[in-house]
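Q: got a structure for you, letters missing:
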């Protein structure tokens, strides 16, 4: 369960995303389903790609995350059994940042 400080932060983030209407968030959602101009399989094997995903995510199914991780060559994926869509980032932010800056 999220604490009140985290819930406040998330609600402010959501409010800001829709402050000027729904066009921006709708456009972003549309981009996820469009052709990106490259295949995940074509990402360089030398690329340093990390993926973190909560297995309880109701927005992006774990099966999709596992498919993406398998498609990207040498993808370093970490799946958290007790985490969801936002909680993965919130509860593992320090670990994620440490990985990205090393």
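A: Received, thanks. Since this is a predicted model, take the numbers as computed values, not measurements. Residues are numbered from 1 along each chain as shown.
Q: quick check: phi and psi on the nearest residue to residue 81 once chain neighbours are set aside?
A: The shortest distance from residue 81 to any non-neighbouring residue, by C-beta to C-beta, 6 or more residues apart in numbering, is to residue 55 (4.9 Å). Any C-beta I mention is one placed from the backbone N, CA and C, and that applies to glycine too. Backbone geometry at residue 55, expressed as degrees, to the nearest 10, gives phi -70, psi -20.
Q: could you tell me the model confidence score at residue 55?
A: On the pLDDT scale, residue 55 is placed at 97.
Q: that one is in contact with residue 80, isn't it?
A: Yes - taking C-beta atoms under 8 Å as the definition, residue 55 is a contact partner of residue 80 at 6.4 Å.
Q: where does pLDDT dip in this structure?
A: By pLDDT under 70, the weakly predicted segments of the chain are 1-2.
Q: tell me where it has strands.
A: Listed in chain order, the strands of the chain (DSSP state E) span 50-54, 76-80.
Q: name the residues of the last one that are buried.
A: The reference is to strand 76-80. Applying a neighbour-count criterion of 16 or more other C-beta atoms under 10 Å, the buried positions in strand 76-80 are 79, 80.
Q: so what does it touch, helix or strand wise?
A: With contacts defined as 3 or more C-beta pairs under 8 Å, 6 or more residues apart in numbering; DSSP states H and E, strand 76-80 has these neighbours: strand 50-54, helix 62-71, helix 87-101.
Q: ranking the ones you listed by burial, who's on top?
A: Stretch with highest mean neighbour count among these: strand 50-54 (a mean of 18; mean count of other C-beta atoms under 10 Å).
Q: contacts for that one next, please.
A: Residues external to strand 50-54 that are found in contact with it (C-beta atoms under 8 Å, 6 or more residues apart in numbering): 60, 62, 65, 68-69, 72, 75-80, 82-85, 87-89, 92, 96, 99-100.
Q: what's opposite residue 79 in the beta bridge?
A: With DSSP bridges as the criterion, residue 79 is bridged to residue 53.
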